[in-house]
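A.B. asks: Below are the sequence and a predicted model for it; my questions follow.
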Amino acid sequence: MSDYILETAGLTKDFLGFTAVKGVNLQVRRGTIHALIGPNGAGKTTVFNLLTKFLKPTRGTITFKGEDVTWVKPADVARRGMVRSFQISAVFPYLSVRENVRVALQRPLGNSFHFWRSESVLDSLNERAEELVYAVGLQDFIHHEASELAYGRKRALEIATTLALDPEMLLLDEPMAGLGTEDIGRIAALIKRVAADRTVLMVEHNLSVVADLSDRITVLARGEILAEGVYAEVSANPAVIEAYVGTGHA
Ligand SMILES: Nc1ncnc2c1ncn2[C@@H]1O[C@H](COP(=O)(O)OP(=O)(O)OP(=O)(O)O)[C@@H](O)[C@H]1O
C-alpha cells in the first residue's frame, strides 16, 4: 500500500484560454493533515473541485487509494471514502442536532438505501448519531434545533454530518471562514481529533491555524505548486513571501 492516499499527476484545468491549475503534482500522505494554501486566485478551490469531481480536468490524473479516479462521478469518489465537508453537510435548520446527524447516517450513498430499515437498525443509528454528536462536542445541544446553534457550533455539526459517512479522507474547504477566535480554537481542536484516524486535506486562509494543524503544506500560486514542506520551511521561503506580498496578503 502506498504511503500516499491521494496523488495527482500533471493536474491541469483550463477555462476558456485561462489556465487556473497547471501541472499540479500533489501527494497527500495517509494519516496526515495537509494544507493547501496560496494567495487569492491561486487555484486552491479549482484543485478541490477537480479532486471531488465538481470539475473535469483538462489534463492529468487523480489517484485515490491506488486507483485512478480521474473520471469517476462525484458520488462514486465519496463512496470510495473521499468526502468534502460542504458536499453533504446541508444542515436542516428545524431538525435537532441528533436528527441532523441521523439523517446524514441514513443518507443513501451509492446503492444503499436505508429508509426501509427495521426498528433495531434505527436504534443503532440513534446510538451512532449520539456518538458523533459527542465526538464533535455538541452533547449539551443534542436536542436543540440546528437553527439555534451559534455559528461555530453549526460548523461542528457540519463536521459531524460529514463524519457520518465515515470518510477515510476529509476535504475541508476553509473550515475557519467566518469564525471568531474562540470558535477557531474549538474547531481546530476538533479537526485534530477527527484527523487522529483519517487523512485531512484543507484549504485554509488562516495561517496560524495552518501552522498549528498541518503536517505538510503545499503552496499554490498562479495555478502551480510554488513550495512544499512543513510550516517553518514554507513560511521562510522567499518565493512564498513574495507571492503573498505581491497580492497584498502578507
Ligand atoms: N469557472 C471558472 N471560469 C473561469 N475562470 C475561473 C473559474 N473558476 C475559477 N476561475 C479562475 O481561476 C483562478 C483560480 O481560482 P480559484 O477559485 O481556484 O482560486 P483560489 O486559490 O481558491 O482563490 P481564493 O483564495 O480567492 O478562493 C482565478 O483566477 C479564477 O478567476
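C.D. replies: Yes, it's here.

A.B. asks: Every contact and neighbour count from this point should use C-alpha atoms.
C.D. replies: Noted.

A.B. asks: hey, where'd the helices end up in this structure?
C.D. replies: Along the chain, counting by DSSP state H, helices occupy 44-51, 74-79, 85-88, 97-106, 119-135, 151-163, 181-194, 207-213, 231-235, 238-246.

A.B. asks: which one of those has the lowest average pLDDT?
C.D. replies: With a mean of 61, helix 85-88 has the lowest mean pLDDT of those.

A.B. asks: How about the residues of this protein by the ligand?
C.D. replies: 15, 20, 39, 40, 41, 42, 43, 44, 45, 46 (Cα under 6 Å from any ligand atom).

A.B. asks: If we use 5 Å, what do you get?
C.D. replies: Proximity of the chain to the ligand is confined to 15, 20, 40, 41, 42, 43, 44, 45, 46 under the rule Cα under 5 Å from any ligand atom.

A.B. asks: top of these by neighbour count?
C.D. replies: Within the residues of the chain next to the ligand, neighbour counts (other Cα atoms under 10 Å) peak at residue 44, which reaches 26 neighbours.

A.B. asks: That one and residue 204 touch, don't they?
C.D. replies: No: in this structure residue 44 lies outside contact range of residue 204 using Cα atoms under 8 Å: 9.3 Å.

A.B. asks: what sits in contact with each of those two?
C.D. replies: Among the neighbours of residue 44, those also in contact with residue 204 (Cα atoms under 8 Å, 6 or more residues apart in numbering) are 36, 37.

A.B. asks: TSV for the residues of the chain next to the ligand, including distance to residue 129?
C.D. replies: Listed next are those as TSV, based on distance: Cα to Cα, whole Å:
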residue	distance to residue 129
15	42
20	40
40	37
41	38
42	38
43	36
44	32
45	30
46	33
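
A.B. asks: Of those, which pair is most distant in space?
C.D. replies: Spatially, the most separated pair among those is 15 and 40, at 17.0 Å (Cα to Cα).

A.B. asks: Give me the domain ranges for the chain.
C.D. replies: What automatic domain parsing lists as the domains of the chain is 1-81+169-188+198-250, 82-166.

A.B. asks: can you tell me the distance between the two ends of the shortest one?
C.D. replies: Meaning domain 82-166. End-to-end distance of domain 82-166: 9 Å, with Cα to Cα, to the nearest Å as the criterion.

A.B. asks: from the middle of its chain, how far away would stretch 75-88 be?
C.D. replies: Centre-to-centre, stretch 75-88 and its host chain are 9 Å apart (Cα atoms, centre = their mean, to the nearest Å).

A.B. asks: Contacts for it, please.
C.D. replies: With Cα under 8 Å, 6+ apart, stretch 75-88 has contacts from 52-53, 69, 104, 109-110, 158-159, 161-162, 166-173.

A.B. asks: returning to what we had before: columns distance to residue 58 on top of the helices of the chain, output as JSON lines?
C.D. replies: Listed next are these as JSON lines, based on distance: least, Cα to Cα, whole Å:
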{"stretch": "helix 44-51", "distance to residue 58": "10"}
{"stretch": "helix 74-79", "distance to residue 58": "17"}
{"stretch": "helix 85-88", "distance to residue 58": "22"}
{"stretch": "helix 97-106", "distance to residue 58": "33"}
{"stretch": "helix 119-135", "distance to residue 58": "39"}
{"stretch": "helix 151-163", "distance to residue 58": "29"}
{"stretch": "helix 181-194", "distance to residue 58": "32"}
{"stretch": "helix 207-213", "distance to residue 58": "30"}
{"stretch": "helix 231-235", "distance to residue 58": "28"}
{"stretch": "helix 238-246", "distance to residue 58": "25"}
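
A.B. asks: Thanks a lot, see you next time.
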